[in-house]
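Novice: the following comprises the amino acid sequence and a computationally predicted model.
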Amino acid sequence: MTAADTIFALASGGGRGAIAVLRVSGAESRGIIARLAGGLPTARMASLRWLRDPTTGDALDQALVLWFPGPKSYTGEDSAELHLHGGPAVIAAVGGALAALGARPAEAGEFTRRAFLNGRLDLTAAEGIADLIAAETEAQRRQALRQADGALAKLYGAWSERLTRLLAHQEAAIEFAEDDLPTDLGDRARDGAATLRAEIVAHLADGGRGERLREGVLVAILGAPNAGKSSLLNALAGRDAAIVSARAGTTRDVVEVRLALAGVPVTLADTAGLREAADEIEQEGIRRAHRRAEEADLVLAVFAADTAPDAETLAWVTPGAVVLANKVDLAPAPGKIGGVAPLPVSARTGAGLEALRTRLEAEARRLAGAADAAVLTRPRHRAALTEASAWLAEAETALLPELASEALRAALRALGRLTGRVGVEDVLDVIFRDFCIGK
Ligand SMILES: Nc1nc2c(ncn2[C@@H]2O[C@H](COP(=O)(O)OP(=O)(O)OP(=O)(O)O)[C@@H](O)[C@H]2O)c(=O)[nH]1
Ligand SMILES: [K+]
Ligand SMILES: [Mg+2]
């Protein structure tokens, strides 16, 4: 396998459809398409062509052919799209012809990998494309589209450029101390590092919203047996996802339902009722309930309005939790539970469920709503930026110019890993361009 290979793959979904799109990319695309379609169509214009078997000349399909000469193509290489009739036999026949003409099936992500290698996009934009394809909700779509469009690439690229310049100044201060250079270059590099670090720290202080929107928000429903947790889950899901019964201890395993709330993917997890259980299966269920609550972004603490609040559930009532008084058809909701005003609801009559949904939407938006600014979306981003900011702090306080320079270089490498553009060599360019040394 080499990048010189010409590759092809089904770009549309598998199975039967009105249209299937086969994508072709690589150095041999021009010849392959010309032979398959009886000539090369005008660039970037949809042309209706008969595709023929290269050896027998048999008609394989009548297709729309789009020819994208490199470098102005998705991959940066000569590429084409074949819009076929979307049946499995058509796809197989045209795929077979492409293979016979010397193309090979692409590996997963290979088109985007080539686009990256050819400088058409950076790693964050490539991730954005993957997220866009995986997006299930509106807010996810918006976030992924912004990233695919290069919002993070622009931000991190600009930071890398600034850092390159700081490093160049710092290096110049060391290397060419004797020459006629401004003498405060080192101080300027330090100030620049402090400013840049403040921006990175502010960008990191996003409460994890972008990552959560990408992964989905986890809400754990907790409460005593028979508080009505499963009934509430079913009411929110609009279907009978979990078993409801009058017997305390009905739910043992965690029952999950996925919803979109305010465009954010939310997993609601119904759990076993919390109590001192004798039954070992129920005990395991309660252990799982606690584990899920610890992992959760939000706890929904459910109490029955006709029963005194139980200590086990009260322990989960924190300022961030949503507290519910269920069964308000049986008794009025108490004013406060564990110091928090509960939302009065009834899974039986439906009272208060609209307000509960509105509250959950607000929480989803707070935790993970799509932001207007570019937000980081992966732990990988967070790790690299945290590392970069630590090295910048190091550079600010370094006692020797050489150490400051080393720290700036390490910060630049961390940013380079983020975008996939490791630009330490660029430092020399800046030195020569800015200072014209050795001209
Ligand atoms: N009157 C009334 N009964 C309710 C309400 N919500 C649930 N119930 C009843 O309360 C009982 C327990 O409901 P579940 O939803 O199984 O309660 P749970 O909290 O999931 O119980 P476990 O799984 O055993 O922990 C069932 O008989 C429900 O029909 C309500 O709002 N009003
Ligand atoms: K029950
Ligand atoms: Mg239950």
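Specialist: Nice, thanks for sending it over. Numbers count the residues shown, from 1 in each chain. Ligands and ions are numbered 1, 2, ... in the order given.
Novice: hang on, residue 67 in a strand?
Specialist: Yes. If the criterion is DSSP: H, G, I helix; E, B strand; the rest coil, then residue 67 is within a strand.
Novice: for residue 300, see how far away it is.
Specialist: 55 Å (CB to CB, to the nearest Å). C-beta here means a position set from N, CA and C on the backbone, and glycine is covered the same way.
Novice: wait, isn't residue 274 in contact with residue 220?
Specialist: No. Residue 274 is beyond contact range of residue 220, at 11.3 Å (criterion: CB atoms under 8 Å).
Novice: okay, and the common contacts of those two?
Specialist: residue 289 (CB atoms under 8 Å, 6 or more residues apart in numbering).
Novice: give me the contact list for the host helix or strand of residue 124.
Specialist: Using DSSP states H and E, residue 124 sits in helix 123-134. With CB under 8 Å, 6+ apart as the test, helix 123-134 has contacts from 109, 112-113, 115-116, 121, 140-141, 143-150, 152-153, 156, 214, 377-378, 381, 418-420.
Novice: can you flag the buried ones in these?
Specialist: 112, 115-116, 121, 140-141, 143-150, 152-153, 156, 214, 377-378, 381, 418-419 (16 or more other CB atoms under 10 Å).
Novice: from those residues, which land in helices?
Specialist: Among these, the members found in helices (DSSP state H) are 112, 115-116, 140-141, 143-148, 152-153, 156, 214, 381, 418-419.
Novice: what's the pLDDT at the residue lying closest to residue 113 once chain neighbours are set aside?
Specialist: Using CB to CB, 6 or more residues apart in numbering and skipping residues adjacent in sequence, the residue nearest residue 113 is residue 126, 7.8 Å away. Predicted confidence (pLDDT) for residue 126: 92.
Novice: can you count the residues close to residue 126?
Specialist: Residue 126 has 20 neighbouring residues, counting by other CB atoms under 10 Å.
Novice: count of neighbours near the closest residue to residue 402 other than its chain neighbours?
Specialist: Excluding its sequence neighbours, the residue lying closest to residue 402 (CB to CB, 6+ apart) is residue 174, at 6.3 Å. For residue 174, the neighbour count with other CB under 10 Å is 14.
Novice: is it true that residue 174 touches residue 401?
Specialist: Yes. Using CB under 8 Å, residue 174 is in contact with residue 401, at 5.0 Å.
Novice: ok, now how distant is residue 86 from ligand 1?
Specialist: Note on residue 86: its distance to ligand 1, by CB to the nearest ligand atom, to the nearest Å, is 46 Å.
Novice: and the gap between the residue in the stretch 151-300 of the chain that ligand 1 sits nearest to and residue 341?
Specialist: Across the stretch 151-300 of the chain, no residue is closer to ligand 1 than residue 273, which sits at 2.7 Å (CB to the nearest ligand atom). For residue 273, the distance to residue 341 equals 23 Å [CB to CB].
Novice: all helices for the stretch 101-250 of the chain, in order.
Specialist: Secondary structure of the stretch 101-250 of the chain (DSSP state H, counting those that start in this stretch): helices at 110-117, 123-134, 138-148, 151-175, 185-204, 209-215, 229-237.
Novice: list the buried residues for the second one?
Specialist: Put plainly, it is helix 123-134. Under 16+ other CB under 10 Å, the buried positions of helix 123-134 are 123, 124, 125, 126, 127, 128, 129, 131, 132.
Novice: ok, now the fifth one?
Specialist: By neighbour count, and taking 16+ other CB under 10 Å as the criterion, the buried residues in helix 185-204 are 185, 186, 189, 190, 192, 193, 196, 197, 200, 203, 204.
Novice: likewise the fourth one?
Specialist: By neighbour count, and taking 16+ other CB under 10 Å as the criterion, the buried residues in helix 151-175 are 151-153, 155-157, 159-160, 162-173.
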